[in-house]
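**Q** sequence first, then the predicted structure, then my questions.
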Amino acid sequence: MVVFMKLGVELTVEERNLLSVAYKNVIGGRRGSWRIVSSIEQKEEIKGNEGQVAKIKSYRSKIEQELQDVCSDILAVLDEHLIPSAEAGESKVFYYKMKGDYHRYLAEFATGDKRKESAGHAHEAYKAATDIASTELAPTHPIRLGLALNFSVFYYEILNSPDRACHLAKQAFDDAIAELDTLSEESYKDSTLIMQLLRDNLTLWTSDLTDAEAEKAEDAKPEEAEAQS
């Protein structure tokens, strides 16, 4: 399939989805493994088990290299073949969103300048996808909703910007609700599922923001009680 993609021919919707699912399956397991190993590493560091920590670090580095290889592979295909050959607005949004996703995955484990660089590339790709989606796709289109979902997660998890994440997710949800009567039967299930995920994230993030503000207020009371509202 990779050879076919390099011919510069635009993929069909089915081919495009197969590609996305294939890479998602490859990257998903490794991202999960990285999170688990990183969590174990932190716990062992707290315990002071230096021997175990060294082994875990080595294994984590191996997983990170695999993540790097997979992400670099699909990003090269996107930049060199899929994005240049995309003609339909839906395809462009799909591929730019995908590009944003894989740069986000790189940013998840990168540190320092590499994290900043990956985050910058992810933001740029998500922004390009958003600009096209706003004029080419309906607010209820599952690809546009999926883009808003992932872009908001990027703001929350990578840029540590919960306010921006909530604003983006709420805007997408509200825009879709306003045009729910235009939702086609074929995309109803996909669109409503993503809308539910947007709402779930909003509930979680709003709760986190409220808790954080409460903790901040509680911590500040002894010193600046008058400043609290």
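**A** Looks like it came in fine.

**Q** quick one: low-confidence residue ranges for this structure.
**A** Applying pLDDT under 70 to the chain picks out residues 1-8, 211-229.

**Q** recalculate using a threshold of 90.
**A** Where the chain drops to pLDDT under 90, the residues are 1-10, 49, 180-187, 207-229.

**Q** centre-most residue in it?
**A** Compute the mean C-alpha point of the chain, and by CA atoms, centre = their mean the closest residue is Asn150, 3.9 Å away.

**Q** would you check how far apart that residue and Glu41 are?
**A** According to CB to CB, to the nearest Å, Asn150 and Glu41 sit 27 Å apart. Yep, even glycine has a C-beta here, placed from its N, CA and C like the rest.

**Q** and Ser134, by the same measure?
**A** From Ser134 to Glu41 the distance is 41 Å (CB to CB).

**Q** what sits against Thr130?
**A** Neighbouring residues of Thr130 by CB atoms under 8 Å, 6 or more residues apart in numbering: Leu147, Ala148, Phe151.

**Q** quick one: which of these is nearest to Tyr59?
**A** Using CB to CB, Phe151 is the member of these that lies nearest Tyr59, at 31.6 Å.

**Q** quick one on the thing from earlier: give me the more crowded residue out of Ser134 and Glu41.
**A** Neighbours were tallied for Ser134 and for Glu41 using other CB atoms under 10 Å; the higher tally belongs to Glu41 (18 against 12).

**Q** so the more buried one touches Ser58, yeah?
**A** No: using CB atoms under 8 Å as the test, Glu41 is too far from Ser58 to be in contact (10.5 Å).

**Q** not counting its neighbours along the chain, what's nearest the residue nearest to the centre of the chain?
**A** Leaving aside its sequence neighbours, Asn150 sits nearest to Asp101 (CB to CB, 6 or more residues apart in numbering; 5.8 Å).

**Q** now do Arg31
**A** Tyr105 is the one closest to Arg31 (CB to CB, 6+ apart), at 6.4 Å.

**Q** now for the one you found, how many residues are close by?
**A** A count of neighbours around Tyr105, defined by other CB under 10 Å, yields 24.

**Q** ditto for the one 10 residues further on
**A** The tally of other residues near Arg115 (other CB under 10 Å) stands at 15.

**Q** Ser207 too?
**A** Look at Ser207: counted by other CB under 10 Å, it has 10 neighbours.

**Q** equivalent analysis for His81, please.
**A** Around His81 there are 19 other residues, counting by other CB under 10 Å.

**Q** state the distance from it to Leu106.
**A** In this view, His81 and Leu106 are 20 Å apart by CB to CB.

**Q** Asn201 contacts Ala169, correct?
**A** Yes: counting by CB under 8 Å, Asn201 does reach Ala169; the two are 5.7 Å apart.

**Q** for this structure, which segments count as helices?
**A** 2-5, 13-47, 50-77, 83-85, 89-109, 112-136, 142-157, 162-178, 188-224 (DSSP state H).

**Q** distance from the fifth one to the middle of the chain?
**A** It stands for helix 89-109. 8 Å (CA atoms, centre = their mean, to the nearest Å).

**Q** in it, what counts as buried?
**A** Across helix 89-109, burial judged by 16 or more other CB atoms under 10 Å covers 90-109.

**Q** contact partners for Ala107?
**A** Ala107 sits next to Arg115, Ser118, Ala119, Ala122, Ile158 when contact means CB under 8 Å, 6+ apart.
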